[in-house]
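J.: fold the stuff below for me.
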Amino acid sequence: MEAVASDRDKYSPLSYLLVEFDSNLHKGLNSELKSLYTAVTRAKTKLWIYETDNEKCFPMYHYWLSRHVATKDHVQTQSFATPSSKHVWKVQGDNFKVHKMYTQAVQCYKMSGETHLQKEMEAYIVMSGAHVSTEVRFTDAAVLLLEANELCNDPKCINIAAECLEQAMKYKEAAFLYEKLEKSDNAVGAFKQEEDFTNCVRIREKHNTCKDAIKVYTERKMRIEALDLAKRYVEEKVVTDPDMKTILDGLVHEYASLYAKQKNKSKLDKVLNCMIIPAPEKVAIYWKLCGEYRIALDIYIAENMLNNALQLMYEQEWYDEGLKLAKEQNMDQWSLNFAIQKARLVLEPNACTRVNTDFIAELQRICDLKSLSKWHPILSTVESS
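T.: Residues are numbered from 1 along each chain as shown. Reported below is the predicted structural model:
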């Protein structure tokens, strides 16, 4: 605290009579003392007290000097104002920031030379503006935050910028920022919003989470893509996870069953081509479920699953082909089954089915071989027909 030196110094404290304070008599001073207290406690650097009446101010003037709480000051030779340091401005800016007083914080950071913080506060001001669209507001804010990051390399600025870009629905740009921060989940989420599943998979693979990479496609019911990816992992040994083959096998059978029921031949074919663990019997069942019985039959025959092949022929009433195959393989019981069913077709009322001599001969041979005398009358009828 500094007191202005003037003619008051010529007054002696002995020239004044000290009056004892009386709360009742002098209570009019209470409000003035409160005002004085407020004024004194608000100063941060220096406090000047100016009084034109030297005689009246002398008691207080002398009191402060005697208590060493004030010094003499010659206003003619010294400036009243003392500039605050950059640190003081920075501290005050931080205080305004905490209280979300961004406009005031901008001015403080500007005075402190903290340009990156100034731009960060400007970004918050832009975000809170209501006079422009959401997209424009958050895009402009992101630009300011990225400029701030270039000045100070602050990951927090990048993160807030990414969040702003998401608000502006610029998901791809946001995703790349998240990836730069190695926030893979946030990056994948943003890429999903953009429906950029290729980059989603790339990030998952980058962090060795191949199961999650497959999940990117399965969640979107992109089944063929999921299968192709899983198959690539297995064939190229991208991962050493022993469960990957099991995962692929599970996906194959799940999707094969689905497409077979939907009678979707092209997609079923693609799914079955992804099969790593051989399962010809299941494959044939899927084709039967799809209604492609000839394909199923070819699989049974190729895999020498003759009973399955003959059963399918029997169910589909391919009696001539079934009899031929059964005869070639010396499977007499099946030959009899086909012959009897063919005979029944011939004996049906208004039947249009005709049999040749080879069929009759085979039926006769089987009846004789099996001692099936009860079929001889039928055989005679068939032969006569």
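
J.: where does pLDDT dip in the stretch 151-300 of the chain?
T.: 237-242 (pLDDT under 70).

J.: all helices for it, in order.
T.: Remark: helices assigned in the stretch 151-300 of the chain by DSSP state H, counting those that start in this stretch are 155-167, 171-180, 184-193, 197-206, 210-219, 223-235, 244-261, 265-272, 280-290, 293-302.

J.: okay if I get the ones you listed as CSV plus distance to residue 94 and mean neighbour count?
T.: For glycine as for every other residue, the C-beta is placed from the backbone atoms N, C-alpha and C. Below are those laid out as CSV (distance: least, CB to CB, whole Å; neighbours: other CB atoms under 10 Å):
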stretch, distance to residue 94, mean neighbour count
helix 155-167, 14, 21
helix 171-180, 25, 20
helix 184-193, 28, 20
helix 197-206, 36, 18
helix 210-219, 40, 19
helix 223-235, 49, 19
helix 244-261, 52, 19
helix 265-272, 60, 18
helix 280-290, 67, 19
helix 293-302, 74, 17
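
J.: turn these into JSON lines, including distance to residue 136.
T.: What follows is the helices of the stretch 151-300 of the chain, written out as JSON lines (distance: least, CB to CB, whole Å):
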{"stretch": "helix 155-167", "distance to residue 136": "11"}
{"stretch": "helix 171-180", "distance to residue 136": "15"}
{"stretch": "helix 184-193", "distance to residue 136": "19"}
{"stretch": "helix 197-206", "distance to residue 136": "26"}
{"stretch": "helix 210-219", "distance to residue 136": "32"}
{"stretch": "helix 223-235", "distance to residue 136": "36"}
{"stretch": "helix 244-261", "distance to residue 136": "44"}
{"stretch": "helix 265-272", "distance to residue 136": "44"}
{"stretch": "helix 280-290", "distance to residue 136": "54"}
{"stretch": "helix 293-302", "distance to residue 136": "59"}
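
J.: give the rounded mean pLDDT of stretch 114-134.
T.: For stretch 114-134, mean pLDDT rounds to 84.

J.: likewise stretch 94-111?
T.: Here the average pLDDT along stretch 94-111 is 92.

J.: off-centre distance for that stretch?
T.: Chain-centre distance of stretch 94-111: 34 Å, with CA atoms, centre = their mean, to the nearest Å.

J.: and for stretch 217-228?
T.: 17 Å.

J.: and what of stretch 37-46?
T.: Counting by CA atoms, centre = their mean, stretch 37-46 comes out at 54 Å from the chain centroid.

J.: again, but for stretch 223-240
T.: Remark: stretch 223-240 is offset 22 Å from the chain centroid, using CA atoms, centre = their mean.

J.: contacting residues around it?
T.: 197, 201, 205, 208, 210, 213-214, 217-218, 244-245, 247-248, 251-252, 255, 258, 267, 270-271, 274, 276 (CB atoms under 8 Å, 6 or more residues apart in numbering).

J.: how about stretch 178-187?
T.: Identification of contacts with stretch 178-187 by CB under 8 Å, 6+ apart yields 155, 158-159, 162, 175-176, 190, 203-204, 206-207, 209.

J.: so residue 263 makes contact with residue 290?
T.: Yes - using CB atoms under 8 Å, residue 263 is in contact with residue 290, at 5.6 Å.

J.: can you tell me how far the residue most central in space within the chain is from residue 181?
T.: Nearest to the geometric centre of the chain sits residue 189, at 2.1 Å (CA atoms, centre = their mean). Distance of residue 189 to residue 181, given as CB to CB, to the nearest Å: 13 Å.

J.: cool, and residue 256?
T.: From residue 256 to residue 181 the distance is 41 Å (CB to CB).

J.: same thing with residue 56?
T.: Distance from residue 56 to residue 181, by CB to CB: 68 Å.

J.: so between these two, which is more surrounded?
T.: residue 181 (14 against 11; other CB atoms under 10 Å).

J.: on that earlier part again, which one of the contacts of stretch 178-187 sits closest to residue 321?
T.: residue 204 (50.5 Å; CB to CB).

J.: ok, now which ones touch the closest residue in space to the closest one that isn't next to it in sequence?
T.: Nearest residue to residue 204 in three dimensions, chain neighbours excluded: residue 213, at 3.6 Å (CB to CB, 6 or more residues apart in numbering). Residue 213 makes contact with 200-201, 204-205, 229 under the criterion CB under 8 Å, 6+ apart.

J.: residues touching stretch 305-312, excluding its own?
T.: Under CB under 8 Å, 6+ apart, the answer for stretch 305-312 is 280-281, 284, 288, 293, 296-297, 299-301, 322, 325-326, 329, 331, 334.

J.: er, stretch 257-264 actually
T.: In contact with stretch 257-264 (CB under 8 Å, 6+ apart) are residues 223, 267-268, 271, 286-287, 289-291.

J.: next one: it to chain centre, how far?
T.: 31 Å.

J.: over to stretch 46-64?
T.: Relative to its parent chain, stretch 46-64 has a centroid offset of 70 Å by CA atoms, centre = their mean.

J.: alpha carbons only: can I get that stretch in CSV?
T.: Output in CSV follows, covering the C-alpha atoms of stretch 46-64 (Å, rounded to 0.1, in the frame of the first residue of the first chain):
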residue,chain,number,x,y,z
LYS,A,46,-0.9,-1.8,-5.5
LEU,A,47,-3.4,0.4,-3.7
TRP,A,48,-3.4,4.2,-3.8
ILE,A,49,-5.5,6.2,-1.4
TYR,A,50,-5.9,9.8,-2.4
GLU,A,51,-7.2,12.6,-0.2
THR,A,52,-7.4,16.3,-0.9
ASP,A,53,-7.8,17.4,2.7
ASN,A,54,-4.4,16.9,4.2
GLU,A,55,-5.4,17.8,7.7
LYS,A,56,-8.3,15.3,7.9
CYS,A,57,-6.4,12.4,6.4
PHE,A,58,-3.3,12.8,8.6
PRO,A,59,-4.4,10.6,11.5
MET,A,60,-4.9,7.6,9.2
TYR,A,61,-2.0,8.5,7.1
HIS,A,62,0.3,8.6,10.1
TYR,A,63,-1.2,5.4,11.5
TRP,A,64,-0.5,3.4,8.3
